[in-house]
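Visitor: Curious how this folds, go ahead:
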Amino acid sequence: MNWCRVIEREAVEGTSDFVEETLAAQRGTVRLLRRYFESLRPPGLRRIPGQLDGEDLDMDAVIGRMADLSAGIEPSERIYVRREKREREVAAAFLVDLSGSTSRQVEQGRRIIDIEKQGLVLLCEALTAIGDQFAVYGYSGQGRNQVDFVVVKGFDELVTGRAGAKLGGIVPLQQNRDGAAIRHATSKLLARQAKTRILVVISDGRPLDDGYKDDYSLEDTRMALREARASGVEPVCITIDKQADPYVRRMYGDVRYVVIDRVEGLPEKLPRIYHRLTA
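Guide: Numbering: from 1, shown residues only. Here you go, the predicted structure:
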């Protein structure tokens, strides 16, 4: 307990150019995502018949009441229809590894961090269309006394404006102590009013920090994920490390995880993965 110090701070604002360029380059994909995720929205109101009070009469119940009265049977008082607002009640936090290794170039000079950001831009469009509450965080740091927890988009922030500029300004930082960041993101989720809470961790490889590697880092990450699930948060991990198989089963334990062997496929797959989680 009290072994690490997590320092929460706002992400440095860049420009919105990255977001605008991604949306322009992926115009067709964005249109399809919006249309598809909008179709998943629940109807605005649902009718609940057989209520003691409500806005309308439940005609089937009224006819049944009249029949009961004619037959000399004690009639039911539940003859109204009430309309209730339907909501998905999903809260999702996306926790992105911002360690220095994400500066590695993989395709046409693009860095891993840039492909992660493109995936997040598309995902933000999808989640805005469906209406789920969500936040985007990054994590890095240097040692147990400096675990940086970077707020890119808070739950109550709009995607446009400052959040878009902060997303565009994300850059690779230092090392990554996954366990501490996962625990802090879990606490942020537990503070939200929602029936379903999801934590999506996006990483490009093993946890690594000062004094935090090998067995210790793997076991601590697994324990943090186990603690999240026990508290009512459903974690899922996405790794884009082609050599992940030897260690990923041990690190992620019983939680769901996805290995993407081609990082270039992340922007397309990320919204699909999210849909499977919440369907």
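
Visitor: CA only for contacts and neighbour counts going forward, please
Guide: Will do.

Visitor: which stretches of the stretch 1-150 of the chain aren't confidently modelled?
Guide: 40-47, 83-88, 107 (pLDDT under 70).

Visitor: Arg226: neighbouring residues, count only.
Guide: 18 (other C-alpha atoms under 10 Å).

Visitor: Likewise for Arg276?
Guide: 8.

Visitor: tell me which element it is part of?
Guide: helix 266-278 (DSSP states H and E).

Visitor: Next one: the residue nearest to Ile113 when sequence neighbours are not counted relative to Val19, how far apart?
Guide: Nearest non-adjacent residue to Ile113, counting by C-alpha to C-alpha, 6 or more residues apart in numbering: Thr102, 5.1 Å away. Separation of Thr102 from Val19 (C-alpha to C-alpha, to the nearest Å): 19 Å.

Visitor: before we move on, what SS does the residue nearest to Ile113 have?
Guide: Following DSSP: H, G, I helix; E, B strand; the rest coil, Thr102 is assigned to helix.

Visitor: Verify the stated contact: it with Gly205.
Guide: No: counting by C-alpha atoms under 8 Å, Gly205 is not a contact partner of Thr102; they are 9.3 Å apart.

Visitor: Which parts of this structure are helices?
Guide: With DSSP state H as the criterion, the chain has helices at 17-25, 27-38, 59-70, 112-130, 162-168, 178-190, 214-230, 245-252, 266-278.

Visitor: hey, which of those helices is tucked in deepest?
Guide: helix 162-168 (a mean of 23; mean count of other C-alpha atoms under 10 Å).

Visitor: Quick one: list the elements packing against it.
Guide: Under the contact definition 3 or more C-alpha pairs under 8 Å, 6 or more residues apart in numbering; DSSP states H and E, helix 162-168 sits against helix 17-25, strand 147-153.

Visitor: Just give the closest residue to Lys213, not the sequence neighbours.
Guide: Using C-alpha to C-alpha, 6+ apart and skipping residues adjacent in sequence, the residue nearest Lys213 is Pro207, 6.5 Å away.

Visitor: wait, what's in contact with the residue lying closest to Ser140 once chain neighbours are set aside?
Guide: Spatial nearest neighbour of Ser140, excluding adjacent residues (C-alpha to C-alpha, 6+ apart): Asn176 at 4.7 Å. By C-alpha atoms under 8 Å, 6 or more residues apart in numbering, the contact list for Asn176 reads 97-99, 139-142, 147, 207-209.

Visitor: Between the residues you listed, which sits nearest Met251?
Guide: Taking C-alpha to C-alpha as the measure, Met251 sits nearest to Pro207 out of these, at 9.6 Å.

Visitor: Was I right to think the closest one contacts Asp178?
Guide: Yes: if you go by C-alpha under 8 Å, Pro207 and Asp178 touch, sitting 5.9 Å apart.

Visitor: and the gap between Pro235 and Pro207?
Guide: Relative to Pro207, and taking C-alpha to C-alpha, Pro235 is found at 17 Å.

Visitor: So these two - more neighbours on which side?
Guide: For Pro235 versus Pro207, neighbours defined as other C-alpha under 10 Å are more numerous around Pro235 (26 against 22).

Visitor: and that one, bridged to which residues?
Guide: Leu199 (DSSP bridges).

Visitor: so who does it touch?
Guide: 198-201, 225, 228-229, 255-256.

Visitor: Repeat that for Asp178.
Guide: 139, 207, 217, 221.

Visitor: what's the closest residue to the last one other than its chain neighbours in contact with, if anything?
Guide: If I follow you right, that is Thr221. The shortest distance from Thr221 to any residue other than its chain neighbours is 4.4 Å, reached at Gly179 (C-alpha to C-alpha, 6+ apart). Listed by C-alpha under 8 Å, 6+ apart, the contact partners of Gly179 are 217, 220-225.

Visitor: Closest to Arg272 out of those?
Guide: Closest to Arg272, out of all of these and judged by C-alpha to C-alpha, is Leu225, at 22.0 Å.

Visitor: Distance check, Val233 against Thr196.
Guide: From Val233 to Thr196 the distance is 8 Å (C-alpha to C-alpha).

Visitor: any common contacting residues for the two?
Guide: With C-alpha under 8 Å, 6+ apart applied, the contact sets of Val233 and Thr196 do not overlap.
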